[in-house]
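S.K.: quick one, fold the following:
(one chain, ligands or ions: 2)
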Amino acid sequence: MWLPSVSFVLLCILQLAACAEDFYKLLGIDKSASERDIKRAYRTLSKKYHPDKNPNNEEAKQKFVEVAEAYEALSDPESRKIYDQYGHEGLKQRQQGGGQGHHDPFDLFSRFFGGGGHFGHQPGQRRGQDMEVRVGIPLRDFYNGHKTEFQLEKQQICEECEGSGSADGQVDQCHSCGGHGVKIQKHMLAPGIFQQVQVSCDVCGGQGKTIKHKCAVCDGNRVVRKVSTFQLNVEKGAPKGHRIRYENDADESPDYVAGDLHVTLTEKDARIDEDNEGHVDGTFFRRKGDDLYWKEVLSLREAWMGGWTRNLTHLDGHVVALSRPRAEVVQPNLVERVQGEGMPKWHEDGDSVYHTTEFGDLLVEYVIVLPDQLEKGMEKDFWALWEKWRKKNGVDLQKDSGRPEGPVQMPQVKDEL
Ligand SMILES: [Zn+2]
Ligand SMILES: [Zn+2]
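M.R.: Ligands and ions are numbered 1, 2, ... in the order given. As a prediction, this is how the structure comes out:
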């Protein structure tokens, strides 16, 4: 008999906890969060839990409502102060005392994303145009993966008037068109013959509404152009031209649901002096797919006599050693393939601890530089050395070039018939 009662008590406690979930926790922010952080959290979470995206999911629907509640409590400085001091109980009392009540969560959503608070697949719902933007990223960040931000100026719903265009919230029906936004004009084509043409209302600009006191911030336009900051996560090994979609983050308007913003990653030339705190050699790497290319310069002596070492500082600062023992020749333009020292191969689980990243190869091309001048004494010594060995061994250019000695014998092809 005791078992069910315990689980009943447990259930009650759980429910109590669920009712009073901390607003900060709900939005995934901490108490010092700025107004911008709160907005950003709301934008992300309200899209995630929107019922249009989670059909028949009661839990998501509940979250969608809670996120809106949390946003409304924390975005208003006064209610945030009350919440910080007295918690949920304090807010409840304020509401009972005639304070601001809850808005419709869909209404709040539409203040951020336009339209009627829904995503674009509602019949008759207009959708704004998608936007394309390119963001330049240095190769180093493609290699290591990088969380960064970029800024973009776009059209946004005026926060001051919440997209109404009115300073006092008062919006009237246009008297000229009766709220239709359009008027019928009659043109006389010939005596007694008229043509009816539908034209946009010039009084309200086709809106069907007029405003007596225009909002001072947007001048009654309901939207403003403003710079927004976006979080950008460049994943390890993301390919050049990688496209990232920001849902409903294109130009906003109260008249339609905002389209998507597409960000294309391009490779930006890194500046050696400005962009390279770690002093990695990455500024000179070139990327082709998953492979990296590098040019290494050797002197004549090194190429011919061997006995040299080079330390390349890779894009994350680790060192790749190139070397030859003494007496090992490197031919000009030789390409050496160093396995596993190329780009990380992009994978959607790239940052997961359970995922091991594979790498492409590093292709090192050797460029050999001959000295312009020889010191007189050196020239004499070399000349003497060459003469000595030439006389001793003789030089057969034909042989050294690798050409065959006699005439080339073509293989005999037997005629089958
Ligand atoms: Zn405004
Ligand atoms: Zn009108």
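S.K.: does the residue positioned nearest the centre of the chain count as helix, strand or coil?
M.R.: When the chain is reduced to its mean C-alpha position, the closest residue under CA atoms, centre = their mean turns out to be residue 232, at 3.8 Å. When states are read from DSSP: H, G, I helix; E, B strand; the rest coil, the local structure at residue 232 comes out as strand.
S.K.: measure it to residue 152 for me?
M.R.: Per CB to CB, to the nearest Å, residue 232 is found 11 Å from residue 152. From N, CA and C alone the C-beta is placed, and that goes for glycine too.
S.K.: what do you get for residue 84?
M.R.: Looking at residue 84 against residue 152, where the rule is CB to CB, the gap reads 33 Å.
S.K.: swap in residue 158?
M.R.: Distance from residue 158 to residue 152, by CB to CB: 18 Å.
S.K.: not counting sequence-adjacent ones, nearest residue to residue 321?
M.R.: For residue 321, the nearest residue in space outside its immediate sequence neighbours is residue 311; the separation is 5.6 Å by CB to CB, 6 or more residues apart in numbering.
S.K.: ok, the one you found - contacts?
M.R.: Residue 311 makes contacts with 319, 320, 321, 322, as judged by CB atoms under 8 Å, 6 or more residues apart in numbering.
S.K.: buried subset of those, written for PyMOL?
M.R.: Here is the PyMOL command that picks out the buried ones among the contacts of residue 311, judged by 16 or more other CB atoms under 10 Å:
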select buried, resi 320+322
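S.K.: so which of the contacts of residue 311 are in strands?
M.R.: If you go by DSSP state E, these have 319, 320, 321, 322 in strands.
S.K.: break this protein into its domains for me.
M.R.: Per the record's domain assignment (automatic domain parsing), the chain is made up of the domains 7-113, 272-369.
S.K.: reformat those domains as JSON lines; add distance to ligand 1 and mean pLDDT.
M.R.: Listed next are the domains of the chain as JSON lines, based on distance: least, CB to the ion, whole Å; pLDDT from 0 to 100:
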{"stretch": "domain 7-113", "distance to ligand 1": "12", "mean pLDDT": "82"}
{"stretch": "domain 272-369", "distance to ligand 1": "40", "mean pLDDT": "89"}
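S.K.: quick one: closest of those to residue 146.
M.R.: With respect to residue 146, and counting by CB to CB, the nearest of the domains of the chain is domain 272-369 at 11.2 Å.
S.K.: now for the closest residue to residue 340 other than its chain neighbours, how many residues are close by?
M.R.: Setting aside the residues directly before and after it, residue 340 is nearest to residue 359 in space (CB to CB, 6+ apart), at 4.7 Å. Number of residues near residue 359 (other CB atoms under 10 Å) recorded here: 17.
S.K.: got it, and residue 165?
M.R.: The number of residues packed around residue 165, counting by other CB under 10 Å, is 25.
S.K.: do I have it right that it meets residue 224?
M.R.: No - counting by CB atoms under 8 Å, residue 165 stays clear of residue 224, with 10.9 Å between them.
S.K.: what residues are shared contacts of these two?
M.R.: Taking CB under 8 Å, 6+ apart as the contact definition, residue 165 and residue 224 share the neighbouring residues 158, 218.
S.K.: one step back: so how far is residue 157 from the residue nearest to residue 321?
M.R.: Distance from residue 311 to residue 157, counting by CB to CB: 55 Å.
S.K.: just residue 356 next, same as before
M.R.: For residue 356, the distance to residue 157 - CB to CB - is 45 Å.
S.K.: what's the answer for residue 226, then?
M.R.: Distance of residue 226 to residue 157, given as CB to CB: 10 Å.
S.K.: closest point of the stretch 251-400 of the chain to ligand 2, which residue?
M.R.: Relative to ligand 2, the nearest point of the stretch 251-400 of the chain is residue 255 (15.0 Å; CB to the ion).
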